[in-house]
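Engineer: what shape does this take:
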Amino acid sequence: MTSTSRYYLGTLPHLLNPIDLDYEWFGVLWLEEEHHFPIIVGYWFSKEKSEIIHDAIQSGFSTWTEISDHQTIMRMYESIRNKQKKQDWERRTRLSIRTIFKSPWSEVSSGLYIIKSRETYPLHVSAILKKKFFVWLEHAAVCETEAELRGFMQRVSEEHQMET
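Structural biologist: Just a heads-up that it's a prediction; the model follows:
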């Protein structure tokens, strides 16, 4: 018995692009095989729906069935965002050794700092640990609301046994 594969493309407007921090069109292309869960093969953000279709074609896909089911596309979006959130939280990175000699890190004492990318939401937020000779990016997140920012700060406090 042979398995048939089908590609599906779904698009929705006004979803958060976590890189640009803009609400844009979101498009996701996935594969479904008989008796298997859907496999996401590509996703894009764009100002226009037509650009998503262009991006899918540029990625080597030419035939698909377009899906307009809001819940299905939202599940795909949430799945992608949840994986990104997990990676942002777990990916600990030592910044360049030169960072310790540059402002503001050369001027502050050792400790854990929470840094927002901007004052308006949505925003990127990072937990930065400054040690004597190194600066580490401990955690990062995208926050759309004040509540999400407070949740990030609380989680950082719990993870690093700090008092708020």
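
Engineer: in the sheet, who's paired with the closest residue in space to residue 18 that isn't next to it in sequence?
Structural biologist: Once flanking residues are discounted, residue 18 sits nearest to residue 142: 4.6 Å by CB to CB, 6 or more residues apart in numbering. For every residue, glycine as well, the C-beta is placed using N, CA and C. Beta-bridge partners recorded for residue 142 (DSSP bridges): residue 124.

Engineer: against residue 50, how distant is residue 142?
Structural biologist: 26 Å (CB to CB, to the nearest Å).

Engineer: between those two, who's got more neighbours?
Structural biologist: A count of neighbours by other CB atoms under 10 Å puts residue 142 above the other of residue 142 and residue 50, at 21 against 11.

Engineer: so the more buried one touches residue 16, yeah?
Structural biologist: Yes. Counting by CB atoms under 8 Å, residue 142 touches residue 16, with 7.2 Å between them.

Engineer: got a list of what the residue positioned nearest the centre of the chain touches?
Structural biologist: With distances taken as CA atoms, centre = their mean, residue 84 lies nearest the centre of the chain, 4.2 Å away. By CB atoms under 8 Å, 6 or more residues apart in numbering, residue 84 lies in contact with 18, 142.

Engineer: where does the residue nearest to residue 145 when sequence neighbours are not counted land in three-state SS?
Structural biologist: Excluding the flanking residues, the one nearest residue 145 by CB to CB, 6+ apart is residue 121, at 6.0 Å. Reduced to three states with DSSP: H, G, I helix; E, B strand; the rest coil, the structure at residue 121 is coil.

Engineer: helices or strands up against whichever strand or helix holds residue 150?
Structural biologist: Element membership of residue 150, judged by DSSP states H and E, is helix 146-159. For helix 146-159, the elements it packs on are strand 111-116, strand 123-130, strand 135-143, judged by 3 or more CB pairs under 8 Å, 6 or more residues apart in numbering; DSSP states H and E.

Engineer: any chance of a markdown table for those strands, columns mean pLDDT?
Structural biologist: Converted to a markdown table, those look like this (pLDDT from 0 to 100):
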| stretch | mean pLDDT |
| --- | --- |
| strand 111-116 | 95 |
| strand 123-130 | 96 |
| strand 135-143 | 96 |
